[in-house]
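Participant: this one's sequence-less:
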């Protein structure tokens, strides 16, 4: 038997579902390359814990039977060569100031190839599956799955699937919640949502305006879409997800007792993205977005932002019927 080779999926220092789509894409790459995947979110993660543990495994179970420490061996070779057994736990180098990503495109329609790091994966399509024969390939750069889809070989069971179905299958296969994470979700559901029909609504604000210049116009279209669902489904309630204090207050006044929401940290409409804020314990920051996402996926209908990784995730967490989900662009 050949020697076991690994694909180490590191953090990219972005919001949780940006991180998760990076993980899912690289899990697919690991399958194509026939490497064993290991996910490690270290100190560069926005969700890193004060105890220095693997932030990914605060929320999710390991994706394989190997840990980060199995990969930190002096006899192992690494690709790229900037990594070695002595620095493999360190955060990856960042782009120099000014090397930010370009404006995001619609996540479920076109290729959105942006990243926050430029060390470990060349962005050219021909290099995406480059192996280098190293024992450990390190991937800490976001590459959109649209660049990988054309490279999926015919023998692979996911060959031919579109983006949403591809991520759905990868989530079902690899993403298993830790017991504490599941309990955090279930506690809210049992107290506030069980036994009722819900329309989940996800509205972005704050720094999203930098990526989506027509964000305010897009957000103005939610009301009409919500009214359609309320009219066609008497008695249905609304589960609102938003990062914006003002939007929450507006919707509470508009929908009153029809509306429910979790108690989580939010920012003003012109504030910094909530995922960049420091919490006393960043684990709670991850719990809050995971809870909202999984609760939304339990709802009967969903209206979201087609430019958002969170809305994309909700669309991918279950097999929605087309008439029960609407993404605005």
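Facilitator: In hand now; what should we look at? What you see is a predicted model, and the numbers here were worked out from it, not measured in a lab. Numbering: from 1, shown residues only.

Participant: same question for stretch 309-317, mean pLDDT?
Facilitator: Mean pLDDT, computed over stretch 309-317, is 97.

Participant: Touching it from outside, list them.
Facilitator: Applying CB atoms under 8 Å, 6 or more residues apart in numbering, the contact partners of stretch 309-317 are 15, 17-18, 20-21, 107-108, 164, 167-168, 171, 200, 202, 204, 241, 289, 292-294, 296-297, 302, 304-306, 325, 327. (Glycine included, C-beta is placed from N, CA and C.)

Participant: Inside helices: which ones of those?
Facilitator: The members of these that map onto helices under DSSP state H are 17-18, 20-21, 164, 167-168, 171, 289, 292-294, 296-297.

Participant: Out of those residues, which is nearest to residue 44?
Facilitator: Of all these, residue 18 has the smallest distance to residue 44: 13.2 Å, by CB to CB.

Participant: What count of nearby residues applies to the residue lying closest to the closest one once chain neighbours are set aside?
Facilitator: Once flanking residues are discounted, residue 18 sits nearest to residue 309: 4.8 Å by CB to CB, 6 or more residues apart in numbering. When counting by other CB atoms under 10 Å, one arrives at 22 neighbours for residue 309.

Participant: what about residue 155, neighbour count?
Facilitator: Other residues near residue 155 number 7, with proximity taken as other CB under 10 Å.

Participant: What of the one 10 residues further on?
Facilitator: When neighbours are defined as other CB under 10 Å, residue 165 has 13 of them.

Participant: Can you name the residues that contact it?
Facilitator: Residue 165 is in contact with no residue at all, counting by CB under 8 Å, 6+ apart.

Participant: shaky segments in the stretch 1-150 of the chain?
Facilitator: Applying pLDDT under 70 to the stretch 1-150 of the chain flags the ranges 1-2, 92-128, 130-131.

Participant: Does residue 265 touch residue 288 like I think?
Facilitator: Yes - distance between residue 265 and residue 288: 6.9 Å, which falls inside the contact criterion (CB atoms under 8 Å).

Participant: Those two: who's more crowded?
Facilitator: Between residue 265 and residue 288, counting by other CB under 10 Å, residue 288 is the more crowded of the two (19 against 12).

Participant: what about the more buried one, distance to residue 161?
Facilitator: If you measure residue 288 against residue 161 using CB to CB, to the nearest Å, the figure is 31 Å.

Participant: for residue 285, same thing?
Facilitator: Using CB to CB, one gets 32 Å for the distance from residue 285 to residue 161.

Participant: List phi and psi for the residue nearest to residue 18.
Facilitator: phi -60, psi -30 (degrees, to the nearest 10).

Participant: ok, it to residue 223 distance?
Facilitator: Residue 309 sits at a distance of 24 Å from residue 223 (criterion: CB to CB).

Participant: do residue 15 as well
Facilitator: As defined by CB to CB, residue 15 lies at a distance of 26 Å from residue 223.

Participant: okay, these two: which has more neighbours?
Facilitator: residue 15 (20 against 13).

Participant: from memory that one sits against residue 47, does it?
Facilitator: No - the pair formed by residue 15 and residue 47 falls short of the contact definition of CB under 8 Å, at 9.4 Å.

Participant: The stretch 51-200 of the chain: strands as residue ranges?
Facilitator: For the stretch 51-200 of the chain, applying DSSP state E, counting those that start in this stretch gives strands covering 78-79, 136-139, 198-203.

Participant: Make a markdown table out of these and add distance to residue 219 and mean neighbour count.
Facilitator: Compiled in a markdown table, the strands of the stretch 51-200 of the chain are given as follows (distance: least, CB to CB, whole Å; neighbours: other CB atoms under 10 Å):
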| stretch | distance to residue 219 | mean neighbour count |
| --- | --- | --- |
| strand 78-79 | 43 | 21 |
| strand 136-139 | 34 | 24 |
| strand 198-203 | 6 | 24 |
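
Participant: between the ones you listed, which gets nearest to residue 236?
Facilitator: Using CB to CB as the criterion, the shortest distance between residue 236 and the strands of the stretch 51-200 of the chain is 5.6 Å, found for strand 198-203.

Participant: Return the list of strands paired to that closest one, each annotated with direction.
Facilitator: Here strand 198-203 is paired, per DSSP bridges, with strand 237-242 (parallel), strand 301-305 (parallel).

Participant: Now do the contacts for residue 219.
Facilitator: If you count contacts by CB under 8 Å, 6+ apart, residue 219 has them with 203-205, 247.

Participant: er, residue 14 actually
Facilitator: Contact partners of residue 14, counting by CB under 8 Å, 6+ apart, are 22, 46, 116, 142, 275.

Participant: Between residue 285 and residue 161, point out the one with more neighbours.
Facilitator: Neighbours per residue, other CB under 10 Å: of residue 285 and residue 161, the larger number sits with residue 285, 22 against 16.
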